[in-house]
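Asker: Generate coordinates for the sequence data below:
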Amino acid sequence: MEQLEQANRPKPKLFYGWIIMVCSFLLMAVSIGLINNTMNQFIVPICDQFGVTRAKAALLTSCVGIGHLIAMPFVGDLLKRFNQKRLIRGSILAMLLVWVGYSFASNIYILWALGVAMGIVNSLAGLVMINSVVNNWFHAKKGFVVGFTSTGTGFGGAIFNPIASKLIVAHGYQYSMRMLALISLIMCLPFLITIVYKPEQIGLLPYGDEEGFKGDRAKLMAGSNVGMKRREAVKNKKFWILVVVTMIIAQGVIGIFHHVTAYMTDLGYSVTQTAFCVSVINISLACSKLFFGWLNDKIGTKRNYILMMSIGIFGMISMVMIKQINRPLLTAILFGIAFAITNLFVPLMVVQVTGNKEYPQIYGLMSTFTSLGSLLGSPLSGLVYDKTGSYTPIFAVYTALYVVALILGTVLLNHPYNNEEHLAWCASKGIPRAEGE
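Answerer: Residues are numbered from 1 along each chain as shown. So this is what the prediction gives:
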């Protein structure tokens, strides 16, 4: 009854979810744009400080990845079990403290340990948490909102990289890290102040529910809480097909992007041309998230996925054949679209395939496999290059795998989550479901 009364309250002039969206964009700029996308600025200074090789210094990013793998499966459970506002605020502050801790590390081993800690707290202050909040607040225009918030990663990288570079040259990497932490705290303050995990907590409905259900409140309240439970999802073949799709998408694009500079240089392109193409890839990545996020709300996830994946595959093909077609700018634009697919479609497809009931738990688990795919991509490309002297074979393999992901993803989206079918599947598998679950 209380929920129905909340649903019938007059709507405020400005939907609070839009404030959440803008603040999530700023948090994404810090949690991904700073933590992940600026670490390349610190590799050489860390080598000089501790007298280690670049490979050892770069292991810091691998340690962050290990922390992600440890924590991501449990993010949804923690958000369900504990006070979400306190947990999220504490994780954001802990993330910034660990970043400051990097600057006080006295040896590379302490730095690696802090990297694992960063991966753990970043999991609670980053992609999984933000997309869970977005999923709670938006049932309509979800594609646009996911696309908008995810562009924060590029925005963060764009502003933090040049700042870090100048501060390192002028004052050293320790001072640079501390100043970046202060700037990040200021950027995170809006999210820390405004965070509300679910609209029901302040008497609102998710955006789009009133328009979507036209006053059918019983259906509205039931519809926003239907879906697989995580223990059901891991027994369902649809979940594991989605795991394969997301791992392919993440591994392929990372496996190419991290080697673009070396690849193009080997093919005879100048350092200036290569650097420009990398910048274009990042610009295309940001614009693609916004455009295809908006388009998702217009044509639906399945059609949007087919369109974006098809363009992305052409981008992969053009990367493999860049010397033959000699269109590096076009290649960079198309590959930037392929790069945007992971951040945009993984959260949207999880909802389509498994529903909303335990979205944070299932998306957190899915993100573990996405991170694993990302971790495997770059070293696998390097290994193939070391064995063959060329990136072309592994880039061609990634392109072929993207075709497989297009087919499998389309099959999944042809059969989106259906509550009646899922309950019948649970009964056929002997999976108990209490009434109301």
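Asker: Domains in this protein, by residue range?
Answerer: Domain assignment for the chain by automatic domain parsing gives 13-217, 226-426.
Asker: Of all the ones you listed, which one comes closest to residue 433?
Answerer: domain 226-426 (5.3 Å; Cβ to Cβ). No exception for glycine: its C-beta is placed from N, CA and C like everyone else's.
Asker: circling back to that earlier point, okay if I get the domains of the chain as JSON lines plus distance to residue 432, mean pLDDT and mean neighbour count?
Answerer: Shown next, in JSON lines, are the domains of the chain (distance: least, Cβ to Cβ, whole Å; pLDDT from 0 to 100; neighbours: other Cβ atoms under 10 Å):
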{"stretch": "domain 13-217", "distance to residue 432": "20", "mean pLDDT": "86", "mean neighbour count": "19"}
{"stretch": "domain 226-426", "distance to residue 432": "8", "mean pLDDT": "87", "mean neighbour count": "19"}
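Asker: ok, now which ones touch residue 334?
Answerer: 284, 311, 312, 314, 315, 318 (Cβ atoms under 8 Å, 6 or more residues apart in numbering).
Asker: again, only using 6 Å
Answerer: Residue 334 makes contacts with 314, 315, 318, as judged by Cβ atoms under 6 Å, 6 or more residues apart in numbering.
Asker: Let me know whether the second one touches residue 336 as I believe.
Answerer: No: proximity of residue 315 to residue 336 does not meet the contact threshold set by Cβ atoms under 6 Å, at 7.5 Å.
Asker: before we move on, back to that, just the ones in helices from the contacts of residue 334, please.
Answerer: 314, 315, 318 (DSSP state H).
Asker: So the second one versus residue 344, what's the distance?
Answerer: Pointing back at residue 315 there. Going from residue 315 to residue 344 by Cβ to Cβ, to the nearest Å gives 15 Å.
Asker: Make TSV out of the contacts of residue 334 and add distance to residue 56.
Answerer: Listed next are these as TSV, based on distance: Cβ to Cβ, whole Å:
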residue	distance to residue 56
314	38
315	34
318	35
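Asker: Skipping its backbone neighbours, what lies nearest the residue nearest the centre of the chain in space?
Answerer: Nearest to the mean C-alpha position of the chain, counting by Cα atoms, centre = their mean, stands residue 343 at 4.2 Å. In space, and not counting its chain neighbours, residue 343 is closest to residue 150: 4.3 Å by Cβ to Cβ, 6 or more residues apart in numbering.
Asker: quick one, what contacts the residue nearest to residue 302 when sequence neighbours are not counted?
Answerer: In this structure, residue 302 finds its nearest non-sequential neighbour in residue 413, 3.8 Å apart by Cβ to Cβ, 6+ apart. Neighbour list for residue 413: 301, 302, 352 [criterion: Cβ under 6 Å, 6+ apart].
Asker: ok, so of the ones in helices among the contacts of residue 334, who is nearest residue 110?
Answerer: Distance to residue 110, by Cβ to Cβ, is smallest for residue 315 among those, at 40.6 Å.
Asker: how close does the closest one get to residue 51?
Answerer: Separation of residue 315 from residue 51 (Cβ to Cβ): 41 Å.
Asker: now do residue 23
Answerer: From residue 23 to residue 51 the distance is 42 Å (Cβ to Cβ).
Asker: Next secondary structure after the host helix or strand of residue 28?
Answerer: Using DSSP states H and E, residue 28 falls within helix 16-28. Next helix or strand after helix 16-28 toward the C-terminus (DSSP H and E): helix 43-50.
Asker: tell me which strands and helices that next one is in contact with?
Answerer: helix 54-81 (3 or more Cβ pairs under 6 Å, 6 or more residues apart in numbering; DSSP states H and E).
Asker: can you list contacts of stretch 354-365?
Answerer: 72-73, 75-76, 79, 128, 132, 135, 225-230, 233, 350, 417.
Asker: Where do the helices of the stretch 101-250 of the chain begin and end?
Answerer: Secondary structure of the stretch 101-250 of the chain, counting by DSSP state H, counting those that start in this stretch: helices at 108-125, 127-137, 142-150, 152-171, 173-194, 209-213, 217-223, 230-233, 237-257.
Asker: To residue 33, which of those helices lies closest?
Answerer: Of all these, helix 152-171 sits nearest to residue 33, with 1.5 Å by Cβ to Cβ.
Asker: what angle sits between that closest one and helix 16-28?
Answerer: 40 degrees (axes from the mean of the first three to the mean of the last three Cα atoms, to 10 degrees).
Asker: Now do helix 152-171: distance to the chain's middle.
Answerer: Taking the mean of its C-alpha atoms, helix 152-171 sits 21 Å from the chain's own mean (Cα atoms, centre = their mean, to the nearest Å).
Asker: Need the residues that contact that helix.
Answerer: 25, 28-29, 32-34, 37-38, 41, 45, 176, 179, 282, 285-286.
Asker: contacting residues for residue 128?
Answerer: 72, 75, 363, 364, 367.
Asker: May I see the helices of the stretch 101-250 of the chain organised as CSV, with distance to residue 329 added?
Answerer: Output for these, formatted as CSV (distance: least, Cβ to Cβ, whole Å):
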stretch, distance to residue 329
helix 108-125, 34
helix 127-137, 30
helix 142-150, 23
helix 152-171, 18
helix 173-194, 32
helix 209-213, 41
helix 217-223, 46
helix 230-233, 42
helix 237-257, 16
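Asker: Among the ones you listed, which comes closest to residue 429?
Answerer: For those, the distance to residue 429 is smallest for helix 230-233, at 8.4 Å, taking Cβ to Cβ.
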